Structure formats: C-alpha cells, structure tokens
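In: Everything below, folded, please.
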Amino acid sequence: MKTFMHLAITSSLAMFISPGAFSQTPAQGDGVVTLGGEVVDSACGLELASADQSIEMPAEPIGRILRNTIGDPHPFQLRLVNCSLSRPDPLRPGVSLPDWEHLRVTFDGARDREGRSFAASGFSQGVAFHIWDAAGQESIPGEPMALLPLTEGDMTLHYTIRLVGNGLQLVPGAHSAAVRFTLDYF
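Out: All right, here's what the predicted structure looks like:
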C-alpha cells in the first residue's frame, strides 16, 4: 500500500525544497472549503515533522562545485512511528492478512542529468540535487529504492541530499526543488 508525502529543499548555489501554495482572498460572503484525504492500509505512521520538510542549505561556493563536482552533504530523515507488522483483514473480522515485511521508498520530482537527479529551478544554473540513503544507494527520480526490512515500533530512515553539477555552465543564484516521496509496504 502506498503513502504519499512531500519534501522541500532550497539553496543559493545553496538549496531549499519547499512545496508552494497559493491562495486568493474570496469575495466577501463567498467561500470554499476543500477537503481531501485518502484511507490507506499502512504498516506505519509518518511522524508529522517528516511529512513536509524544508531543507535549507547554506550558500555553496562555485569553486567547490567546480573542484569537487559535488556540494556539501545535508542530512534529512523520514521517521516512521507505530509500525505494526500484523495486518487484520478489514473485510473478514478475526482473519489476518500476511504480515508486512518490507518497505520501499521512492523519491520523485522534476528530473535533470538525463533523469538521474532532481532538477533545480530558480536563478542559478549548472546544478541539480541528488539524494543518497545511509547505505550509499542513489535515489533516481521516480524509481523505487531497494527494499528495507520493516520492524515493529519506530524506524528512522536516513538520507543525504547534495548539489551536483549538471554539465551546464555554473551561474550563481538561488534555486529550489520540490521532491515527493512515496512509502510502499509489502
């Protein structure tokens, strides 16, 4: 089953991912209430602070990107809470489905570097964002990462995001990206 979340990052030849929201003031006496949601079968809850994150990265000198082709690491985490491996069958009271065993994370967003990294938008040029997990596995936008064993209780998934050169001429300026992530349980 899938759970959808958002992650935001920002930077100035620095980084920030931030989902944007726009609203208009309604005419007096008028209004709209929009409600949305999804009921999912999920092994874990996601800590509220993990669902919508903003990662602010300090300015990154162009010289460092030119020399190293990669910026400083910036860690972030997804914290899963109240994980339960057992699965009662909602259609048959007293009957259980097979236990949850694995979790898979997929990061997705606008692509750069021939689809291998996340595109940066803004005033800078020549950089993209790239995500690695704690084991060093790279996240490719839209492609599921390796299965992780699911454990009872709370779990913290550790990731690092860095600026990477994308082959274009480096131009200083602020940039941002929006990255969504999906948690699939098996």
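
In: Can you show me the helices along the chain?
Out: Using DSSP state H, the helices assigned to the chain run over residues 48-51, 62-68.

In: can you put those in TSV and add mean pLDDT, distance to His74 and mean neighbour count?
Out: Where you see a C-beta, it was placed from the backbone N, CA and C, and this is true even at glycine. Listed next are the helices of the chain as TSV, based on pLDDT from 0 to 100; distance: least, CB to CB, whole Å; neighbours: other CB atoms under 10 Å:
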stretch	mean pLDDT	distance to His74	mean neighbour count
helix 48-51	84	16	14
helix 62-68	91	14	13
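
In: so where's this protein uncertain?
Out: Residues of the chain that meet the criterion pLDDT under 70 lie in 1-40.

In: related to what we said a few turns ago, okay, the helices of the chain in a markdown table with distance to Ala146 next?
Out: Shown next, in a markdown table, are the helices of the chain (distance: least, CB to CB, whole Å):
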| stretch | distance to Ala146 |
| --- | --- |
| helix 48-51 | 20 |
| helix 62-68 | 26 |
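
In: wait, which of those is closest to Ser121?
Out: helix 62-68 (17.4 Å; CB to CB).

In: mind listing what Gln125 touches?
Out: The neighbours of Gln125, taking CB atoms under 8 Å, 6 or more residues apart in numbering as the test, are 168-171, 173.

In: Out of those, flag the one nearest to Asn82.
Out: Gly173 (42.3 Å).

In: Thought Phe123 was touching the closest one, still the case?
Out: Yes - under the criterion of CB atoms under 8 Å, Gly173 makes contact with Phe123 at 3.0 Å.

In: check contacts around the nearest residue to Tyr185 once chain neighbours are set aside.
Out: Take Tyr185 and drop its neighbours on the chain: the residue closest to it by CB to CB, 6 or more residues apart in numbering is Ala43, 4.4 Å away. By CB under 8 Å, 6+ apart, the residues touching Ala43 are 83-85, 87, 100, 103, 150, 185.

In: roughly how far apart are Ala43 and Ser176?
Out: 32 Å (CB to CB, to the nearest Å).

In: And for Asp108?
Out: Where Ser176 is concerned, Asp108 sits at a distance of 16 Å (CB to CB).

In: So the two - more neighbours on which side?
Out: Set Asp108 next to Ser176 and count neighbours by other CB atoms under 10 Å: Ser176 wins out with 22 against 18.
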